[in-house]
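K.L.:
Sequence and predicted structure are below.
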Amino acid sequence: MRQEPTWRIPVGIIGLILGLTVYGLLIARYVPGLVGTWHALLQTPVYIVLGIVWILPLRRFLIWMETGRWG
C-alpha cells in the first residue's frame, strides 16, 4: 500500500475532467450535425457507442495514476 501521496492522482483527475469535457463538447458540436436527421433508432446506437468509447483508454490511465506505469 502506498504511504506517500503522489502527484499523478490529482493531475490525472484534472486531466480526466478536462479530457471528458473536450470529448463531450466535440460530440455535442459535431455529431448532431452528422446524425441529427437520422431516425431515432439509428441515432441510438451511435450515441451508445460514443458514450462507451471514452471508457476504453480509462483502464490504462487509472493504472498510470496508481503505479506510474501504462500497463
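P.N.:
Structure received.

K.L.:
going forward, measure contacts between C-alpha atoms and count neighbours the same way
P.N.:
Fine.

K.L.:
where along the protein do the helices fall?
P.N.:
According to DSSP state H, the chain carries its helices in the segments 8-35, 40-53, 58-67.

K.L.:
Low-confidence ranges, the protein, go.
P.N.:
Applying pLDDT under 70 to the predicted model, the residue ranges of the chain that meet it are 1-2.

K.L.:
how about the nearest residue to I27, chain neighbours excluded?
P.N.:
Nearest in space to I27, with sequence neighbours left out and distances taken as CA to CA, 6 or more residues apart in numbering, is L50 at 8.0 Å.

K.L.:
Any figure for the gap between that neighbour and L58?
P.N.:
14 Å (CA to CA, to the nearest Å).

K.L.:
How about V31?
P.N.:
From V31 across to L58, the span is 22 Å (CA to CA).

K.L.:
Between those two, point out the one with more neighbours.
P.N.:
Counting neighbours by other CA atoms under 10 Å for V31 and for L58 shows that V31 has the greater number, 15 against 12.

K.L.:
how about T6, phi and psi?
P.N.:
Per-residue torsions, T6: phi -120, psi 150 (degrees, to the nearest 10).

K.L.:
before we move on, the earlier item: single out the most deeply packed of the helices of the chain.
P.N.:
For those, average neighbour numbers computed from mean count of other CA atoms under 10 Å are highest in helix 58-67, which has a mean of 15.

K.L.:
Spatially central residue in this protein, please.
P.N.:
Per CA atoms, centre = their mean, the C-alpha nearest to the average position across the chain is that of W54, at 3.4 Å.

K.L.:
distance of that residue from G19?
P.N.:
As it turns out, when the distance is counted by CA to CA, W54 lies 9 Å from G19.

K.L.:
can you check A40 too?
P.N.:
The separation that A40 has from G19, given CA to CA, amounts to 28 Å.

K.L.:
ditto for G68
P.N.:
When CA to CA is the yardstick, G68 and G19 sit 19 Å from each other.

K.L.:
separation between the most far-flung residue of the chain relative to its centre and I13?
P.N.:
With distances taken as CA atoms, centre = their mean, the residue sitting farthest from the centre of the chain turns out to be Q3, at 28.8 Å. Distance of Q3 to I13, given as CA to CA: 19 Å.

K.L.:
Much appreciated, bye for now.
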